[in-house]
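**Q** here is a sequence together with a model predicted from it:
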Amino acid sequence: MRDELVRAALTVLRREGAAALTVRNITAEAGCSTTGIYTYFGGKSGLVEAIFVEGFEGFDAAVGPSLIAGDLTAAGRAYRRWALDHPTQYMVMFGRAVPDFEPSPAALERAAASFAGLTEGVARALQRDDAEDHAYHLFATVHGYVMLEMSGMGPHDTPEAEARYERALATLAVG
């Protein structure tokens, strides 16, 4: 039921937006009573936090192996693919899809752990003293490309968009 509530919340958010993300709408989509959200998550905010935290877990599972291998280009590809395959979750994590949601300190710590993994991957791949600064630059660049693509500021999930992204990754690799 817990997973079904997360799925239902993502469906409501994707289909109708943040204004429709109510306990009643989520449970109607999940086919259960409203007590399920309170039982599993303590309320709507806890459910959104679960989406946020589980998003970072899925994101890291997709990107982490390339970072561990020190392959920043493959990590960049995995980043884009995960974002395009999980757009609603990505927007909860990085785009303020639910404007009134404020992640708890524990959730922010989980997000910071994801960035720490990127920093470690950059340090491993590039053997740089400024790995954190370079990781921030890499993240900001790939995030910008993905957000522009997802927001319709260019072709979305097309060969042209992929080629543009690949050119950006190649530029980052030499920078």
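**A** Now that the structure is in, tell me what you want to look at. Source: prediction; values computed, not measured. Residues are numbered from 1 along each chain as shown.

**Q** chain neighbours aside, what residue packs nearest to the spatially most central residue of the chain?
**A** Nearest residue to the geometric centre of the chain (CA atoms, centre = their mean): Y90, 3.3 Å. Nearest-residue entry for Y90: A83, 4.5 Å, with adjacent residues in sequence omitted and distances by CB to CB, 6 or more residues apart in numbering. All C-beta spots, glycine's among them, are computed from the backbone N, C-alpha and C.

**Q** L84 contacts D157, doesn't it?
**A** Yes. Contact criterion CB atoms under 8 Å: L84 and D157 qualify, at 5.2 Å.

**Q** tell me the mean pLDDT for stretch 150-165?
**A** The pLDDT scores in stretch 150-165 average 88.

**Q** which one in this structure is furthest away from the centre?
**A** Here the centre of the chain is the reference, and by CA atoms, centre = their mean the most remote residue is S33, at 28.7 Å.

**Q** contact partners for the residue nearest to the centre of the chain?
**A** 55, 59, 82-83, 146, 150 (CB atoms under 8 Å, 6 or more residues apart in numbering).

**Q** can you list the domains in this protein?
**A** Annotated domains of the chain cover 1-42, 44-174 [automatic domain parsing].

**Q** hang on, the earlier thing: now do the residue nearest to Y90, the pLDDT please.
**A** Note on A83: pLDDT of 97.

**Q** do the same with the one 10 residues further on
**A** We note a pLDDT of 96 for M93 in this prediction.

**Q** same check, this time on G175
**A** For G175, the model assigns a pLDDT of 57.
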